[in-house]
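Colleague: Take a look and give me a structure for this.
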Amino acid sequence: MADLISHEGVEALFTRADGTYLFARWGRPLVPVVFGTDDRTLEIVKGAVEAVVLMAGHSMAETDPELGVNLMFFFFRDWDELTEVPDLDRMVPDLGPLVERLKAAGANQYRIFRFDESGAIKASFVFLRMDGELSKVPADTLALAQVVQTIVLWSDTAFVGRSPLAQAPEGKVILRPDIGAVIRASYDPVMPVVAQDPSHALRLAARVKQV
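Modeller: Next up, the predicted model:
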């Protein structure tokens, strides 16, 4: 994996648009739930979660002792539908203003993270407005892309202009090998759960070469 991504490439994945470096991974097992879709898509999403978690060397559980579930996927047609979900406004502060901003921006997806006292990820909400564009994306591709983007806290610019996925020679959509290597290295037990110093990227790049 040594030639797949440089130290600078790793650093860019976790350097935000404002220039700050921030990395975080899950500090607890993932407990996913899917709303607003059929059984087939539900199984595809959960399968994608299982595959990425297994690749990362992390874990899943039947329930989160604090939250019950901690990785929530919402599929819907209109942003206003979110304001009708019972108790969602309690889990997502300022839900109403957020929905208005997303509508104004014409967004079709949005991810929110919640963190524990140490700064590790403890929950994530994935919102997918199934407009004409997203509806054309195969369910397995959409699911994999979303799970990959929630398994660690990437920079807000990490995948602008380039997807974390790639097309294999036989036509199947897969996780880019360099991104997979970064995820596996991120969950190495010797690596910190949270990092705000760019020197973390050097350590991470060194681990990438070994996975």
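
Colleague: Which parts of this structure are helices?
Modeller: Applying DSSP state H to the chain gives helices spanning 7-13, 39-56, 88-91, 95-105, 132-135, 139-151, 177-186, 199-208.

Colleague: What's the mean pLDDT across the third one?
Modeller: By that I understand helix 88-91. Averaging pLDDT along helix 88-91 gives 91.

Colleague: try the fourth one
Modeller: Model confidence over helix 95-105, given as mean pLDDT, is 96.

Colleague: ok, now which ones touch residue 103?
Modeller: Listed by C-beta atoms under 8 Å, 6 or more residues apart in numbering, the contact set of residue 103 reads 79, 80. For the C-beta atoms, the positions are set from N, CA and C on the backbone; glycine is no exception.

Colleague: could you redo the last one with a cut-off of 6 Å?
Modeller: Residue 103 sits next to residue 79 when contact means C-beta atoms under 6 Å, 6 or more residues apart in numbering.

Colleague: hmm, back to that, let's have the helices of the chain in TSV, adding distance to residue 75.
Modeller: Putting the helices of the chain into TSV (distance: least, C-beta to C-beta, whole Å) gives the following:
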stretch	distance to residue 75
helix 7-13	27
helix 39-56	7
helix 88-91	14
helix 95-105	15
helix 132-135	9
helix 139-151	9
helix 177-186	24
helix 199-208	33
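
Colleague: just for the chain, where's the confidence low?
Modeller: Residue ranges of the chain with pLDDT under 70: 1-4, 211.
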